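**Q** the sequence isn't on hand, but the structure is:
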C-alpha cells in the first residue's frame, strides 16, 4: 500500500514537474520571441534613424555647398559690380592729378606773364625816358615831378646833393645799370644803381633801382644788406608795383638770415594783403619749404 502511494506520489510529482517544465519552456519561447521581435523593431528603428541621419548629413553638405556656391556668386557679383567703380576712382584720381598739374601750370604761366608784363613795362618806361630825356644839368637845375629841385634838402630819404655829372641822364644811367645786371656784371650794376639813386631818387625807375640793389645783395648772400635794401623800397616807395616783390624777397632774406619768426610774419602779411597775386602763391610755397623753414619739413613728416 505504501509503495503504491509512493509510486502514485512520484507519478503525480513527475506529471506536475513535466507540466511546469512545459509551461516554463513555452514561457521562455514566448519571451525569446518577444525579445526577437523587439530586437527586430529596435534594429528597424535604428536603421530608419541611421538613414535619417545620413540623409540629414547629405542635406547639410548639399546646403553647405549651395551656401558656398552662393557666396562665390555673390563675391563675383560684388567684384564685377565694384570693378567699374574702382576704375572710376582711378580715373577721378588721375583727373585730379591732371587738374592740379594744370592749376600749377596756369599759376606758373600767370607768374611768367606777370614778370613779362613787368619787363615790358620796364622797357616801355626806358623807351619813354630815352625818347624824352631830362634836360642836361646846367644853369637850370633838374626838377622832380613835384617841381622841386632834384636832390634838394627835405626830399624823403634824400639829403642835399649836387646835380649829376655832365652828360649823365636818368634814362642812360638806368639802362646801363640794368644791362650790366642782366649780363652778370653785378658789381658794376650795384654801383650804377646806387649812383642812379643818388642823382635820380624820385624818378619812375627809382623803386626798381632800389629793388635791384636788394636782389643783388640777396644773390650774394648778403641777407642783412638785402633786408635793408628791400625795407628802403617799402619805406621810400610804398605805392609801387615793386612793393609785393620787395615784401616777398624781404621774407626770403629774413628766413635766410635766421630771422624766421619775422620772415613768417612778413610772408603771411603779403598773403593777406595780396591773396591772389603770384607773390602770394610763392610766399605760400616758401612757408612749406624746409630749406627756408626746417620746422615745415618736420610738420610734414608728422
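**A** Done, it's in. What you see is a predicted model; the values in this text were computed from it and never measured.
**Q** so, low pLDDT: which residues of the stretch 151-300 of the chain?
**A** 151-162, 296-300 (pLDDT under 70).
**Q** and with 90 instead?
**A** Within the stretch 151-300 of the chain, the stretches with pLDDT under 90 are 151-168, 238-241, 291-300.
**Q** could you pull out the helices for this structure?
**A** Ranges of helices in the chain, per DSSP state H, are 2-131, 170-182, 186-199, 206-219, 223-236, 243-256, 260-273, 278-287, 294-301.
**Q** among those, which comes closest to residue 164?
**A** helix 186-199 (3.8 Å; CB to CB). C-betas here are computed from N, CA, C, even on glycine.
**Q** returning to what we had before: with distance to residue 164 and mean neighbour count added, can I get the helices of the chain in a markdown table?
**A** Shown next, in a markdown table, are the helices of the chain (distance: least, CB to CB, whole Å; neighbours: other CB atoms under 10 Å):
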| stretch | distance to residue 164 | mean neighbour count |
| --- | --- | --- |
| helix 2-131 | 14 | 10 |
| helix 170-182 | 8 | 19 |
| helix 186-199 | 4 | 19 |
| helix 206-219 | 14 | 23 |
| helix 223-236 | 19 | 20 |
| helix 243-256 | 25 | 23 |
| helix 260-273 | 34 | 18 |
| helix 278-287 | 33 | 19 |
| helix 294-301 | 47 | 11 |
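**Q** straight-line length of stretch 275-292, end to end?
**A** For stretch 275-292, the first-to-last residue distance is 21 Å (CA to CA, to the nearest Å).
**Q** show me how far that stretch is from its chain's centre.
**A** Centre-to-centre, stretch 275-292 and its host chain are 15 Å apart (CA atoms, centre = their mean, to the nearest Å).
**Q** quick revisit: now tabulate the helices of the chain in JSON lines and tack on distance to residue 163.
**A** Shown next, in JSON lines, are the helices of the chain (distance: least, CB to CB, whole Å):
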{"stretch": "helix 2-131", "distance to residue 163": "17"}
{"stretch": "helix 170-182", "distance to residue 163": "12"}
{"stretch": "helix 186-199", "distance to residue 163": "7"}
{"stretch": "helix 206-219", "distance to residue 163": "16"}
{"stretch": "helix 223-236", "distance to residue 163": "20"}
{"stretch": "helix 243-256", "distance to residue 163": "28"}
{"stretch": "helix 260-273", "distance to residue 163": "37"}
{"stretch": "helix 278-287", "distance to residue 163": "36"}
{"stretch": "helix 294-301", "distance to residue 163": "50"}
